[in-house]
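Q: what shape does this take:
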Amino acid sequence: MHWTEPFRSPAALALGGALVHFVWQGALVALLYGAASFVLRGRSARARYQAACAALALLALAPPATCVFLYTADGAAVAPGFAAAAEADAESWLPAAVAAWLAGVLVLTVRFAGGWARARRLARVQVRPLPAGLEEPFGALARRLGVRAGVRFLESTLARTPLVIGWLRPAVLVPAAAVAGLSRAELEAVIAHELAHVRRRDYLVNLAQSVVEVVLFYHPAVWWISRRIRVERELCCDDLAVEACGEPLTYARALAGLESLRSGFATPALAATDGPLLQRIRRVVGVSPPPSRLRGGWLGGVVSSLAALLLAAGAGLSISACHGVHHAEDREIEITESDRGGSVDRMTLTETVNGVERRWVTEPGPDGEPVHTYTVNGEPRPIDAEIEAWKERLLEKSPDPPSPPERPGSFEREVEVIRTKD
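A: Numbers count the residues shown, from 1 in each chain. The predicted model follows:
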């Protein structure tokens, strides 16, 4: 058995077709999101965040919707094209692409699991409750922000910056260096930022982002839009933190002081120093960034050009993958019957699509019972529900469908060739 055999089932081929189509679908979503970002550039961080989340949701929904279309009856004219193309050549690139995608998903799943384990370890190892004088004001701050979940405030010697871990029982980790190096007001400001993450349930959104990044890792649009979500999320939490503390300058000084404590590795946790820090500080204190041609024109042009190239490449790959679909009109169906005394005892169904011959033969066995065989280009293949459905569809195309064989016979009655235009 060839190594690609497990990836040549109808379900696997429909999945492969969906992954190929996602190349142009993702590029199209990226172009639409880029246009929306331009329109919303003067709006609130919350509006831009919602637009980015909507774009990521579209990216996540496109492949499963396409896969279902290719696999179900509504896509019956599409899926056989993939099947015929793959069965024609054991080295077909579509099954190999599915195998490569699965390998990439496994690698990134292991990577994500490692990051999650490191984050959970931070909440358990080398932590202790905050000094008694800080618990009460932080609890009051949580109530002021409308955080109802029971939040634990812990001092950590491993964390490099304040961060929140967990959802049902969230823990806010405060680095020991921050407890010693920041003023009480600055510490409250950065804790307000972490409590804003809890209030907004950002941990769940961050988890969903990570899943989408793992499954659709091969498309740059996924990483770009996911990055924009993280940036806008931090700005949203900055707004809530400043609103709760009422001192933008204090919060800006706290962010600047935390930069030296920035973590050197990424985890699935949410940290106060995520995002472009200088941009955040300028935004908090109300200082407009200096005009930059790179920000406005060059970067947007690069992103738009990349999306356009992916759109064109994806369309080409999709046409290639669906080669059997677009040329399904070049189809020949041959039905051969044998008769003895008016009853059919041998039936041959032959369908040729793009040079791939699929044949079904029903004939009586030694005991007179019907025996069924199915071949692709002369090579015997097992008969399953998909093949049975293919046979029934083929019989429906015949103006006078033959009956199954009833008893032995030895001579042919007719050979009928039907050319169909599907």
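Q: G181 reaches G257, doesn't it?
A: Yes - contact criterion CB atoms under 8 Å: G181 and G257 qualify, at 6.8 Å. Where you see a C-beta, it was placed from the backbone N, CA and C, and this is true even at glycine.
Q: after the host helix or strand of F22, heading C-terminal, what element do we hit next?
A: Using DSSP states H and E, F22 maps to helix 10-39. Downstream of helix 10-39, the first helix or strand assigned by DSSP H and E is helix 45-71.
Q: counting by contacts, list what that next one packs against.
A: helix 10-39, helix 79-87, helix 202-215, helix 220-245 (3 or more CB pairs under 8 Å, 6 or more residues apart in numbering; DSSP states H and E).
Q: grab the nearest non-local neighbour of E259.
A: In this structure, E259 finds its nearest non-sequential neighbour in L277, 5.8 Å apart by CB to CB, 6 or more residues apart in numbering.
Q: can you count the residues close to the one you found?
A: For L277, the neighbour count with other CB atoms under 10 Å is 16.
Q: same deal with V110?
A: Residues lying near V110 (other CB under 10 Å) number 11.
Q: okay, it: pLDDT?
A: Note on V110: pLDDT of 94.
Q: P366: which of the helices and strands packed on helix 45-71 is closest?
A: Closest of the helices and strands packed on helix 45-71 to P366 is helix 79-87, at 30.2 Å (criterion: CB to CB).
Q: next helix or strand past that closest one?
A: Next in sequence after helix 79-87, counting helices and strands by DSSP H and E, comes helix 93-122.
Q: buried residues, that following helix. List them.
A: By 16 or more other CB atoms under 10 Å, the buried positions in helix 93-122 come out as 93-95, 97-99, 101, 112, 115-116, 119-120, 122.
Q: what's the answer for stretch 179-190, then?
A: Using 16+ other CB under 10 Å as the burial criterion, the residues of stretch 179-190 that qualify are 182, 186-190.
Q: secondary structure, pLDDT and distance to E363 added to those residues, as TSV?
A: What follows is the buried residues of stretch 179-190, written out as TSV (DSSP: H, G, I helix; E, B strand; the rest coil; pLDDT from 0 to 100; distance: CB to CB, whole Å):
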residue	secondary structure	pLDDT	distance to E363
L182	coil	78	86
E186	helix	83	86
L187	helix	85	84
E188	helix	85	85
A189	helix	86	83
V190	helix	86	80
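Q: of those residues, just say which sits nearest to A60.
A: Using CB to CB, V190 comes nearest to A60 of the buried residues of stretch 179-190, at 31.7 Å.
Q: wait, isn't that closest one in contact with G181?
A: No - with contact defined as CB under 8 Å, V190 and G181 do not form a contacting pair (11.6 Å).
Q: now do stretch 283-301, average pLDDT.
A: 55.
Q: please read the previous query as pertaining to stretch 211-229.
A: 93.
Q: got the end-to-end distance for it?
A: Length of stretch 211-229, first residue to last, CA to CA, to the nearest Å: 14 Å.
Q: in that stretch, what's buried?
A: For stretch 211-229, by 16+ other CB under 10 Å, it's 212-216, 218-219, 221-222, 224-226, 228-229.
Q: kindly report the same for stretch 127-137.
A: Of the residues in stretch 127-137, 127, 130, 134 count as buried by neighbour count, 16+ other CB under 10 Å.
Q: again, but for stretch 57-67
A: By 16+ other CB under 10 Å, the buried positions in stretch 57-67 come out as 58-60, 62-63, 66-67.
Q: identify the residues contacting that stretch?
A: With CB atoms under 8 Å, 6 or more residues apart in numbering as the test, stretch 57-67 has contacts from 14-15, 17-19, 21-22, 25-26, 29, 208, 212, 215-216, 219, 221-222, 225.
Q: could you report the distance from R346 to Y374?
A: Distance, R346 to Y374, using CB to CB, to the nearest Å: 15 Å.
Q: go on, R184?
A: From R184 over to Y374 (counting by CB to CB), the distance is 78 Å.
Q: go on, V172?
A: 63 Å.
Q: look at the two and report which has more neighbours.
A: More crowded of V172 and Y374, by other CB under 10 Å: V172, with 28 against 19.
Q: how about the contacts made by the closest residue to P131 other than its chain neighbours?
A: Once flanking residues are discounted, P131 sits nearest to V179: 7.4 Å by CB to CB, 6+ apart. Contacts of V179 were listed using CB under 8 Å, 6+ apart, and they are 130-131, 134, 155, 187.
Q: let me know the secondary structure of V371.
A: The three-state label given to V371 by DSSP: H, G, I helix; E, B strand; the rest coil is strand.
Q: any idea what it is bridged to?
A: E363 (DSSP bridges).
Q: close enough to count as contact, it and E363?
A: Yes - V371 lies in contact with E363 (CB under 8 Å); the separation is 5.8 Å.
Q: name the SS class of E155, please.
A: strand.
Q: V371 and E363: who's more crowded?
A: E363 (16 against 12).
Q: ok, back up a step: nearest to P380, out of the helices and strands packed on helix 45-71?
A: Nearest of these to P380, taken as CB to CB: helix 79-87 at 12.4 Å.
Q: what's the average pLDDT for the closest one?
A: 47.
Q: what of stretch 232-241?
A: In this model, stretch 232-241 carries a mean pLDDT of 90.
Q: going forward, count from 21.
A: With the count now opening at 21, the last piece we talked about shows up as stretch 252-261.
Q: CA atoms of that stretch as PDB?
A: Written as PDB, here are the backbone C-alpha positions of stretch 252-261 (Å, rounded to 0.1, in the frame of the first residue of the first chain):
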ATOM      1  CA  GLU A 252      -6.000  45.900  19.600                       C
ATOM      2  CA  ARG A 253      -6.800  43.800  22.600                       C
ATOM      3  CA  GLU A 254      -4.000  45.500  24.600                       C
ATOM      4  CA  LEU A 255      -5.300  48.900  23.600                       C
ATOM      5  CA  CYS A 256      -8.700  48.000  24.800                       C
ATOM      6  CA  CYS A 257      -7.400  47.000  28.100                       C
ATOM      7  CA  ASP A 258      -5.200  50.100  28.300                       C
ATOM      8  CA  ASP A 259      -8.400  52.200  27.900                       C
ATOM      9  CA  LEU A 260     -10.100  50.200  30.700                       C
ATOM     10  CA  ALA A 261      -7.100  50.500  33.000                       C
END
